[in-house]
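> Next one to model:
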Amino acid sequence: MVLSAAMRSLEHQAWVEQQLIRIEKAIEQALPQGELTATRLFEALAYASLGGGKRIRALLCLASGESLGANPESCLQAAVALEMIHAYSLVHDDMPCMDNDVLRRGKPTVHIAFGEATAMLVGDGLQALAFEVLAGMHRTGLSARQCLQAVDVLARASGPRGMVGGQAIDLALIGEASSFVELEPLQKMHQLKTGALLQASVQLGLCCRASEALEPETDRLLNQYAKHLGLAFQVIDDVLDASATTDSLGKTAGKDQAQQKPTYVSLMGIGPARELAQSLHKQALDCLDQAAHGNRALGREGLEHLAGLADLIVLRQR
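The predicted structure is shown next:
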């Protein structure tokens, strides 16, 4: 049985803080340092990927792996790869040819701090490094088959069938808020743009198991948990963009409305959007409860951390 939010909050927060230190150190170790003369590029890679962010994707991977009895070091490397893909996507999204934003994680975006050409190379470099990290997971004891499976999961989630495809749809919808009235196409876009990588975060925990087999129903429930969570994440993002300040977000607030993008807030209003996020949060937790009852071999602490991350996503203020 997954604990209530109040019962798990303190223990979960301590776990999050410990994992954030591990994740930051592992990302730093994975970045190139002094190997070539491209020191400005290396500085920009660190600027884009270190010292900020909620690390939700990495934390989901670690918690998923913990619930499944996966190799902790393998999961940490997968978490690094996820954060590199996420950081690359933010660098490219912020550029003038995309969202043209000047603030990210409370500091100037990479193209503002280092120039557009370097920002493009930073995104390209982080994407390549992510797959280099996954390919190297054999050093943590994973089989070649498991490494290949991990590469496949992340490539699909971050490519045209996932994040990149969702971003393309998002760009096509700029200026369409007033004429866009259907929730289903909006949901589909966000399942690709945001949800695919969050689902991959949970799936990568499965890739790092010593035993690759998992009961189909448990697999389905964990993936459904991630699907609900991915959509809830975007709904809350839309709510915060419309209601929070730039200082509290660490990025430009009100950008969706300024660009006339269709959002859950523009289609539903802030109140109903919050209610939708709460409903998705409950459905995600129900999936964890069902998985726990259906498979006693799942790690209780890992499931509690997955539940705590669901709380963090829906209750966050930035």
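> CA only for contacts and neighbour counts going forward, please
Fine.
> ok, now which ones touch the nearest residue to Tyr225 once chain neighbours are set aside?
In space, Tyr225 comes closest to Ala284 once its chain neighbours are excluded; the distance is 4.4 Å by Cα to Cα, 6 or more residues apart in numbering. Going by Cα atoms under 8 Å, 6 or more residues apart in numbering, Ala284 touches Gln224, Tyr225, Ala226, His228, Leu229, Ala310.
> What of Gln149?
Cys207.
> Can you tell me the element it falls in?
Using DSSP states H and E, Gln149 sits within helix 144-158.
> With just CA atoms, put that helix into PDB.
Output of helix 144-158 as PDB, limited to C-alpha atoms (Å, rounded to 0.1, in the frame of the first residue of the first chain):
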ATOM      1  CA  ALA A 144      25.100  -6.000 -24.400                       C
ATOM      2  CA  ARG A 145      21.400  -6.800 -24.900                       C
ATOM      3  CA  GLN A 146      20.300  -4.700 -22.000                       C
ATOM      4  CA  CYS A 147      22.500  -1.800 -23.100                       C
ATOM      5  CA  LEU A 148      21.000  -2.000 -26.600                       C
ATOM      6  CA  GLN A 149      17.500  -2.100 -25.100                       C
ATOM      7  CA  ALA A 150      18.300   1.100 -23.100                       C
ATOM      8  CA  VAL A 151      19.600   2.900 -26.200                       C
ATOM      9  CA  ASP A 152      16.400   1.900 -28.100                       C
ATOM     10  CA  VAL A 153      14.100   3.100 -25.300                       C
ATOM     11  CA  LEU A 154      15.800   6.500 -25.100                       C
ATOM     12  CA  ALA A 155      16.200   7.000 -28.800                       C
ATOM     13  CA  ARG A 156      12.500   6.300 -29.400                       C
ATOM     14  CA  ALA A 157      11.400   8.600 -26.600                       C
ATOM     15  CA  SER A 158      13.600  11.500 -27.600                       C
END
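> Now find how far off-centre stretch 248-256 is within its chain.
Mean C-alpha position of stretch 248-256 versus that of the full chain (Cα atoms, centre = their mean, to the nearest Å) differs by 18 Å.
> try stretch 311-318
Per Cα atoms, centre = their mean, the centroid offset for stretch 311-318 relative to its chain is 13 Å.
> Now do the buried residues in it.
Across stretch 311-318, burial judged by 16 or more other Cα atoms under 10 Å covers Asp311, Leu312, Ile313, Val314, Arg318.
> Among those residues, show me the least confident.
Looking at pLDDT alone, the buried residues of stretch 311-318 dip lowest at Arg318, where the score is 70.
> Hmm, Asp247 and that residue touching each other?
No: if you go by Cα atoms under 8 Å, Arg318 and Asp247 don't touch, sitting 9.5 Å apart.
> which ones are touching Gln19?
Here Gln19 is in contact with Leu59 (criterion: Cα under 8 Å, 6+ apart).
> Helix, strand, or coil at it?
Following DSSP: H, G, I helix; E, B strand; the rest coil, the label given to Gln19 is helix.
> I'd like the distance between it and Ala210.
Distance, Gln19 to Ala210, using Cα to Cα, to the nearest Å: 21 Å.
> and what of Glu83?
23 Å.
> Pick out whichever of those two has more residues nearby.
For Glu83 and Ala210, the more surrounded residue by other Cα atoms under 10 Å is Glu83, and the numbers stand at 27 against 15.
> Mind telling me what element that one is part of?
Going by DSSP H and E, Glu83 is part of helix 72-93.
> Taking helix 144-158 as reference, get the angle to that helix.
Here helix 72-93 points in a direction 30 degrees away from that of helix 144-158 (axes from the mean of the first three to the mean of the last three Cα atoms, to 10 degrees).
> what's helix 72-93 packed up against?
helix 5-30, helix 39-49, helix 56-67, helix 116-135, helix 144-158, helix 196-207 (3 or more Cα pairs under 8 Å, 6 or more residues apart in numbering; DSSP states H and E).
> Of all those, which one is nearest Gly299?
helix 56-67 (4.1 Å; Cα to Cα).
> Out of the buried residues of stretch 311-318, which sit inside strands?
Judged by DSSP state E, strands contain none of the buried residues of stretch 311-318.
> can those residues go into TSV with extra columns for distance to Tyr88?
Formatted as TSV, those follow (distance: Cα to Cα, whole Å):
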residue	distance to Tyr88
Asp311	26
Leu312	23
Ile313	21
Val314	24
Arg318	20
